[in-house]
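Enquirer: here are the coordinates; sequence isn't available:
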């Protein structure tokens, strides 16, 4: 990766690499509103919001199943560390957001480690942070992954949660099962068990 510097102070900026995966990304233009594979400077005091609302969010996904405002990344500093740190906040009232397997309810926050797997709906988002010296801004770059990052990170697969607010099951079969198995055997076992318990 290239090293990026601010023009005024020559300080190295903190860099967030945000890589997205969705099982239908090849057949749908989900990322057409995102500036892929290009670094963008973002003011540290402003939350970086991601959702489907291109006017209300910093970056938007072209997916009607994503909440208008899905999540926010907020930079912050502490007196204990010279590094710019980040938290993620769930802005969706209907959908779940998980960070490395821990679920966040509506408006709940979690600290992002240097490498984190964030999930919402069928999306898996791998976020990596590289520390810099600049405090007023940071850089963000979006990319697309060909395979689910959960395989690399080692977080178990989970049943994706749709953010539609309605049940679109087909003959009592959850929508994802009607299209065949997803990722791992644990997912199939979980879905099969939940069908019998219903």
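Expert: Nice, thanks for sending it over. For clarity, every value in this text was computed on a predicted model and none was experimentally measured.
Enquirer: what residues are bridge-paired with the residue minimising distance to the centre of the chain?
Expert: The residue lying closest to the centre of the chain (Cα atoms, centre = their mean) is residue 125, at 3.9 Å. Counting by DSSP bridges, residue 125 is bridged to residue 20, residue 118.
Enquirer: I'd say it and residue 117 touch.
Expert: Yes - the pair residue 125 / residue 117 is scored as a contact, 7.3 Å apart, by Cβ atoms under 8 Å. Every residue, glycine included, has its C-beta placed from N, CA and C.
Enquirer: which residues are in contact with each of those two?
Expert: Common neighbours of residue 125 and residue 117 (criterion: Cβ atoms under 8 Å, 6 or more residues apart in numbering): residue 149.
Enquirer: surely residue 152 is in a helix?
Expert: Yes - counting by DSSP: H, G, I helix; E, B strand; the rest coil, residue 152 is located in a helix.
Enquirer: spatially nearest residue to it, not counting backbone neighbours?
Expert: What sits nearest to residue 152 in space, not counting adjacent residues and going by Cβ to Cβ, 6 or more residues apart in numbering, is residue 126, at 7.4 Å.
Enquirer: next, count neighbours for the one you found.
Expert: Neighbour count for residue 126, taken as other Cβ atoms under 10 Å: 20.
Enquirer: low-confidence ranges, this structure, go.
Expert: Low-confidence segments of the chain (pLDDT under 70): 1-9, 153-198.
Enquirer: what ranges do the strands span in it?
Expert: 14-21, 39-43, 48-51, 59-60, 71-78, 81-90, 97-99, 102-104, 109-112, 115-120, 123-130, 137-144 (DSSP state E).
Enquirer: residue 41 touches residue 15, doesn't it?
Expert: No - contact between residue 41 and residue 15 fails when scored by Cβ under 8 Å: they sit 10.5 Å apart.
Enquirer: compare neighbour counts for these two and give me the winner.
Expert: Counted by other Cβ under 10 Å, residue 41 and residue 15 do not tie: residue 15 has more neighbours, with 19 against 13.
Enquirer: from residue 152, how far off is the more buried one?
Expert: Separation of residue 15 from residue 152 (Cβ to Cβ, to the nearest Å): 19 Å.
Enquirer: and for residue 41 and residue 15, which residues touch both?
Expert: In contact with both residue 41 and residue 15: 138-139, using Cβ under 8 Å, 6+ apart.
Enquirer: still on that earlier bit, so who does the residue nearest to residue 152 touch?
Expert: Taking Cβ under 8 Å, 6+ apart, we find residue 126 in contact with 17-19, 21, 115-118, 145, 149, 152-153.
Enquirer: one more time with 7 Å, if that's ok
Expert: Contact analysis of residue 126 by Cβ atoms under 7 Å, 6 or more residues apart in numbering lists 19, 117, 145, 149, 153.
Enquirer: could you check how far it is from residue 140?
Expert: Using Cβ to Cβ, residue 126 is found at 13 Å from residue 140.
Enquirer: same check, this time on residue 34
Expert: Separation of residue 34 from residue 140 (Cβ to Cβ): 10 Å.
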